[in-house]
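Student: How does the following fold in three dimensions:
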Amino acid sequence: SIMSIIEDESGNLWIGTKTGISIFDGDQFLNLTVENGLSNERIRCIQNDNFDNMWLGTYFGGIMRFNYKDFIAYTPKEGLISNQILTIIEDEKHDIIIGSFDGVSKLKIENNRLKSIKYVTTKNGLLSNNIHSIHKDINGNYWYGTDEGITILKNNEPIHISTDQGLLEKEVTVIKYYDS
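Tutor: Got it, this is the predicted structure:
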């Protein structure tokens, strides 16, 4: 199964699967698995960052940063909230924000190095710690799609949207904003 697809700055397609990652350059595939350094073969989500790194979220192996030479793994041992990663975004400060089954880890990146990790969970007002999707809107508010609905953190105050507010279904797996 294909879990995610993203295009890098060079036009290569990165295809995350249940058995590793395939990188397609337009002519041929390069396939990477645990034998090539992946911490886990189930690549659930992929995000490129401003430093030309590729971030690979795995189902049971945390997140990996690939700088086109080496894989650097981040797991709960390094401070992540969970090994089960569901979504990744990069914000305008170049921090990496990771949604998982146990909440959100926000990796503060300075000079292409991990400086610190902060967490967002139900203790901060999320409807659920099961985070399927993260979006930062043009006003700087974070939208979290969870299995219980949407939490919007506006000035760090939670706004909830779920079936109680009229949403037809409570599980939100994707939040995207399209500027036309």
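
Student: Any chance of the backbone angles for the closest residue to Ser162 other than its chain neighbours?
Tutor: Using C-beta to C-beta, 6 or more residues apart in numbering and skipping the chain neighbours, the partner closest in space to Ser162 is Gly149 (2.9 Å). Any C-beta I mention is one placed from the backbone N, CA and C, and that applies to glycine too. Gly149 has phi and psi values of phi 130, psi -160 when expressed as degrees, to the nearest 10.

Student: residue contacts, Gly149?
Tutor: Leu127, Ser128, His160, Ile161, Ser162, Thr163, Gln165, Leu167, Lys170, Val172 (C-beta atoms under 8 Å, 6 or more residues apart in numbering).

Student: Just send the residues you listed back as JSON lines, with neighbour count and secondary structure too.
Tutor: As requested, the contacts of Gly149 are arranged in JSON lines below (neighbours: other C-beta atoms under 10 Å; DSSP: H, G, I helix; E, B strand; the rest coil):
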{"residue": "Leu127", "neighbour count": "21", "secondary structure": "coil"}
{"residue": "Ser128", "neighbour count": "21", "secondary structure": "coil"}
{"residue": "His160", "neighbour count": "16", "secondary structure": "strand"}
{"residue": "Ile161", "neighbour count": "17", "secondary structure": "strand"}
{"residue": "Ser162", "neighbour count": "18", "secondary structure": "coil"}
{"residue": "Thr163", "neighbour count": "11", "secondary structure": "helix"}
{"residue": "Gln165", "neighbour count": "10", "secondary structure": "helix"}
{"residue": "Leu167", "neighbour count": "14", "secondary structure": "coil"}
{"residue": "Lys170", "neighbour count": "16", "secondary structure": "coil"}
{"residue": "Val172", "neighbour count": "23", "secondary structure": "coil"}
